[in-house]
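*Asks:* this is the structure alone, sequence omitted:
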């Protein structure tokens with residue numbers, strides 16, 4: 001076969017599984033056995049440290065963001081529950097207001113009817129008072145008439161009992 005077959009036929013080279021790979025002192029850096037670095041890596045340790053620090057910072061930022069997201073979500077859920085409670089209270093208050101308006105209208109109607117009855121009763125009372133005054137005046141007039149009639153009768157009775165010569169005296 002080709003020249004690639006020669007590379008894979010060598011015993012020190014084979015495909016490694018991730019669990020077979022030795023991990024270096026820095027987390028996430030894999031060092032292959034038998035591999036010799038082609039470049040001097042001593043100067044890159046500071047760069048790698050900065051990369052790891054940046055990765056740690058990013059992980060911290062990500063953790064903070066995740067925590068902030070959880071807190072915000074909890075606050076949002078709490079606010080939504082409060083909104084739902086307030087909407088329920090609002091609907092209940094609107095029902096109470098509607099019932100109060102109905103009761104108020106019924107009360108106004110009842111008051112209007114009672115006011116009409118009262119005005120009618122006052123009118124009848126005034127009419128009855130007028131009739132009572134008229135009846136009282138008629139009764140006084142009748143009493144005076146009766147008194148005059150009684151006096152006339154008395155006068156006639158006395159006149160019949162007295163002799164004719166004494167009738168002229170009282171006048």
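*Replies:* Cool, got the structure. All values derive from a computational prediction rather than experimental measurement.
*Asks:* ok, and what's touching stretch 67-87?
*Replies:* Applying C-beta atoms under 8 Å, 6 or more residues apart in numbering, stretch 67-87 has no contact partners. Bear in mind the C-beta positions are built from the backbone N, C-alpha and C, glycine included.
*Asks:* mind listing what's buried along that stretch?
*Replies:* For stretch 67-87, the neighbour count (16 or more other C-beta atoms under 10 Å) marks no residue as buried.
*Asks:* now do the longest helix along the chain, average pLDDT.
*Replies:* Secondary structure of the chain per DSSP state H: the longest helix is helix 45-161. The average pLDDT within helix 45-161 is 94.
*Asks:* pull the contacting residues for residue 105.
*Replies:* For residue 105, counting by C-beta under 8 Å, 6+ apart, there are no contacting residues.
*Asks:* and it, how far from residue 153?
*Replies:* Residue 105 sits at a distance of 70 Å from residue 153 (criterion: C-beta to C-beta, to the nearest Å).
*Asks:* over to residue 117?
*Replies:* For residue 117, the distance to residue 153 - C-beta to C-beta - is 51 Å.
*Asks:* with residue 98 instead?
*Replies:* Distance of residue 98 to residue 153, computed by C-beta to C-beta: 80 Å.
*Asks:* same deal with residue 76?
*Replies:* In terms of C-beta to C-beta, residue 76 sits 111 Å off from residue 153.
*Asks:* and residue 150, how many neighbours does it have?
*Replies:* 10 (other C-beta atoms under 10 Å).
*Asks:* what's the answer for residue 61, then?
*Replies:* Residues near residue 61, counting by other C-beta under 10 Å, number 10.
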